[in-house]
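**Student:** Predicted model follows, preceded by the sequence.
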Amino acid sequence: TLTIQYLANLSESFHGFYKSTYRTQEGELRTLVATQFEPTAARMAFPCFDEPAFKARFSITIRREPKHLALSNMPIVKSVNLTPWLVEDHFATTVKMSTYLVAFIVSDFKSISKITSHGVKISVYTVPDKINQAGYALDAAVKLLDFYEDYFSIPYPLPKQDLAAIPDFQSGAMENWGLTTYRESALLYDPKKSSASSKLWITMVIAHELAHQWFGNLVTMEWWNDLWLNEGFAKFMEFLSVSITHPELRVEDSFLSRCFDAMEVDALNSSHPVSTPVEDPAQILEMFDNVSYEKGSCILNMLRDYLTADVFKAGLVQYLQKYSYQNAKNEDLWNSMANANDQNIFFPFQICPTVGTDKNELQADGFCRRSQQSSSNAHWTQGQTLDVRAMMDTWTLQKGFPLVTVTVRGKNVHLQQERYVKGVDSPSSTGYLWHIPLTYVTSKSDTVQRFLMTTKADVIILPEEVEWIKFNVDMNGYYIVHYEDDGWDRLINLVKQNHTVISSNDRASLINNVFQLVRIKRLSISKAFDLTLYLKHERQIMPVLQGMHELIPIYRLMERRDMDGTEKQLQEYIVNLFKDLIEKQSWSDEGSVSERLLRHSLLLFACVHRYQPCVDKAKGYFTEWQKSNGTLSLPADVKTAVYVVGAQTSEGWDFLLSKYRLPSFNVERNNIELALSLSRSKDKLQWLMDQGLHGDIIRTQDLPSITIHVARNPSGHHLAWKFLKENWEKLVEKFELGSNSLAGIVTGVTSRYSTRSHLAEVKEFFSSLEEKSAQLRCVQQAVETIEDNIQWMDRNFEEVKTWLQNNH
């Protein structure tokens, strides 16, 4: 037994054992303390072997004043009154767990509770004034915990699960075992004021943290190099669970965009493999990025599509049971998946649809195939065990993703794969090879055909010639596709004539892929713009948002560079594409969640890009709202657009800020912040960032997103860059070197630069810093992105100009 006496100050940042404050409705300032240990801050609260593989049982005792309440991972077993003003709480001993999952909070929070059908007590804790916003989270948590216990066939091992909303919180949430913590916007929901996107976000975050109670807490990665085993899984499980517990949220509509987000950083040379060696705390923190989370979830989704849902689930359960209360590595998961597959060779319940006169046959791996195709030799053949590990190693141990080039010659479809890399002097992609589970549909058959490509080049032989072929059905695979010869023309004509022949995910993936191919000179920008013409008729959320996501950044690049009015023409073109859809939107909260999310995005887009009918309508709403002194209830999904227009005048901006400071507007803070950051007044923008750093009126936790909003505002991009340079030391102190918050600021502030002078300035500033800062991955990402923007503008600007004149 080793006994250590130690003391320390409460941390002033967002990690370790830190203090947080809030104001009551009456304006009184109150203090609480909370913990955030992942990845390496448990050592700031107590001496420990602070590494994930050193699992132990923790027994915690906390002394507090009677007016406070102490929480930890386990329930309190006894409380002793030491003096009239001091109480000692003893918590039950935890199960065997890693140090980064230990947590405690001392506060005056209030709570509401329910018992799940498996008998676990769930409680939501918030500051006293906001407990009426905890109901939605409580119900969602009950549903989700029950779902996971059933899905994993492993009972949740603790007697309780608390969800606590912490007023100051750096990330979105943290999965401490039995005491998950959240930023307020990720947990609190006001049925009268919160938007549809807020409901979706809260549900996903809770699903993510509760998935961790198994993936991460019960079975933990051996070392941080395999962080994705925690995070990729929790990201993937939030999609799987919520689609069943909350089908009305239609999460499947938003899964795709996370894969596109991952590809955006994964296409850079500064990317890293999903599983990659790390040693010091800053490197460990850098692992908490889009590659571990989003790419991790996308390759798991691809694996599930490939193995079938049942084999995938059996593999997960086997993995969790085998490594409970232990640590695991990448290959342990693949071995469990392979075992599950061997045990489940035949699925009697799969039905093969018959297509035309083809005789379909069910092969041993449970996939439907056309018998004519057996002439092609690279299929998963009867009785051959799928080498899951060999396949998944290609996705987790090398960075980047493949580009598959398709050339159709009669019935023969020639395939080639290479690594997709954007950038100036991109290194050759030789030596990169993936095992790609290809899927495709054709003009002759909408049955999904499957083919595992394990070599650089291959050929598929079709039963008959086809008019068009679309690979990567629904974008379930983490790869992009180029169609040689007239392959793209055929697909462009298809969506122009009748876009609903292929799914909305397929349409979104065509829009994404075509612009990615322009970046590496495989296609002309005119071809990409030709495809966007069809968007006039698009009504589904994914393709519409993807179209905006590709076109608006091009407009923003041009806007930064005073381009002889071409940017105005481009803005008109984009607004025109979506005008009919914007006109159709009702200014209300009606409709399904997807319709509400689309309405929110479209109206915000229309108002930001000064589409007059939208601006006028928003102005009218804002005036009414201001007259009512903010008491008028605006529809939650149109609020942001109204605020953005209102904030364009000085008195509108001041009025919004006065409301922002009131507790009654707390669920709208993020929307108001966005509106305030879109002001044209440089003084106001500067004031916002300064206040965010100061942390009183605007919480420092919101500074990263505010800085990025200011940087995207044409009146603010110089200010944001200057702010980053002048306050670098303070930002590092607050958010930690290597953190996602800091990386977001660096890439967000520089992502729209496209001139050589900007590039030189960014390089110069970061190389002047000490080595640890200069070598951050986000700095390399920023530099590469600017280089890529420069190239893009040099190559495509004139052609866009000509295209717009011809298609005006």
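**Tutor:** Cool, the structure landed.
**Student:** Walk me through the domains of this protein.
**Tutor:** The record's domain parsing of the chain by the TED database lists 403-497, 610-678.
**Student:** Would you mind measuring the gap between the ends of the shortest one?
**Tutor:** Think domain 610-678. Using Cα to Cα, to the nearest Å, the end-to-end distance of domain 610-678 comes to 12 Å.
**Student:** for the first one, same thing?
**Tutor:** Domain 403-497 stretches 27 Å from its first residue to its last (Cα to Cα).
**Student:** follow-up on the earlier one: among the domains of the chain, which comes closest to Ile284?
**Tutor:** domain 403-497 (24.4 Å; Cβ to Cβ). Glycine gets a C-beta too; all of them are placed from N, C-alpha and C.
**Student:** Run through who's touching stretch 70-79.
**Tutor:** 58, 60, 62, 64, 87-94, 97, 101-107, 109, 125, 158-160, 162, 164, 176-179 (Cβ atoms under 8 Å, 6 or more residues apart in numbering).
**Student:** so who does Lys579 touch?
**Tutor:** Tyr611.
**Student:** Please tell me how far Val448 sits from Asn476.
**Tutor:** Distance, Val448 to Asn476, by Cβ to Cβ, to the nearest Å: 9 Å.
**Student:** Also Met204?
**Tutor:** 20 Å.
**Student:** give me the element the closest residue to His272 other than its chain neighbours is part of.
**Tutor:** The shortest distance from His272 to any non-neighbouring residue, by Cβ to Cβ, 6 or more residues apart in numbering, is to Lys399 (5.5 Å). Assigned by DSSP states H and E, Lys399 belongs to no helix or strand.
**Student:** my guess is Lys399 contacts Ala267, does it?
**Tutor:** No - with contact defined as Cβ atoms under 8 Å, Lys399 does not reach Ala267; the gap is 9.8 Å.
**Student:** Between these two, tell me which one has more neighbours.
**Tutor:** Ala267 (24 against 20; other Cβ atoms under 10 Å).
**Student:** Among the domains of the chain, single out whichever gets nearest to Leu240.
**Tutor:** The nearest among the domains of the chain, by Cβ to Cβ, is domain 403-497 at 13.5 Å.
**Student:** List the buried residues of the one helix or strand Leu415 maps to.
**Tutor:** Using DSSP H and E, Leu415 sits in strand 412-419. Residues 413, 415-419 are the ones in strand 412-419 that count as buried (16 or more other Cβ atoms under 10 Å).
**Student:** Among those residues, which one lies nearest to Thr35?
**Tutor:** Closest to Thr35, out of all of those and judged by Cβ to Cβ, is Arg419, at 41.7 Å.
**Student:** State the pLDDT value of the closest one.
**Tutor:** Here, the pLDDT recorded for Arg419 equals 96.
**Student:** Contact partners for it?
**Tutor:** 400-403, 429, 432.
**Student:** Ser336 too?
**Tutor:** By Cβ under 8 Å, 6+ apart, the residues touching Ser336 are 315-316, 318-319, 322.
**Student:** swap the cut-off to 7 Å and go again
**Tutor:** 315, 318-319, 322 (Cβ atoms under 7 Å, 6 or more residues apart in numbering).
**Student:** Next: Arg752.
**Tutor:** Counted by Cβ under 7 Å, 6+ apart, Arg752 has contacts 556-557, 560, 712, 717.
**Student:** In helices, which of those appear?
**Tutor:** Using DSSP state H, 556-557, 712, 717 are the members of the contacts of Arg752 that sit in helices.
**Student:** now those as a markdown table including pLDDT, distance to Val783 and neighbour count?
**Tutor:** Output for those, formatted as a markdown table (pLDDT from 0 to 100; distance: Cβ to Cβ, whole Å; neighbours: other Cβ atoms under 10 Å):
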| residue | pLDDT | distance to Val783 | neighbour count |
| --- | --- | --- | --- |
| Arg556 | 93 | 19 | 18 |
| Leu557 | 92 | 16 | 22 |
| Arg712 | 94 | 19 | 20 |
| His717 | 91 | 17 | 21 |
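**Student:** still on that earlier bit, quick one: buried residues of the following helix or strand past the strand holding Leu415?
**Tutor:** Going down the chain from strand 412-419, the next helix or strand is strand 436-442, by DSSP H and E. By 16+ other Cβ under 10 Å, the buried positions in strand 436-442 come out as 436-442.
**Student:** just the angle between strand 436-442 and strand 412-419, please?
**Tutor:** Counting by axes from the mean of the first three to the mean of the last three Cα atoms, to 10 degrees, strand 436-442 lies at 140 degrees to strand 412-419.
**Student:** List of residues touching strand 436-442?
**Tutor:** With Cβ under 7 Å, 6+ apart, strand 436-442 has contacts from 302, 306, 402, 404, 417, 448-453, 462, 466, 468-473, 476-477, 479.
**Student:** just how off-centre is it within its chain?
**Tutor:** Mean-position distance between strand 436-442 and its chain equals 26 Å (Cα atoms, centre = their mean, to the nearest Å).
**Student:** Good, wrapping up.
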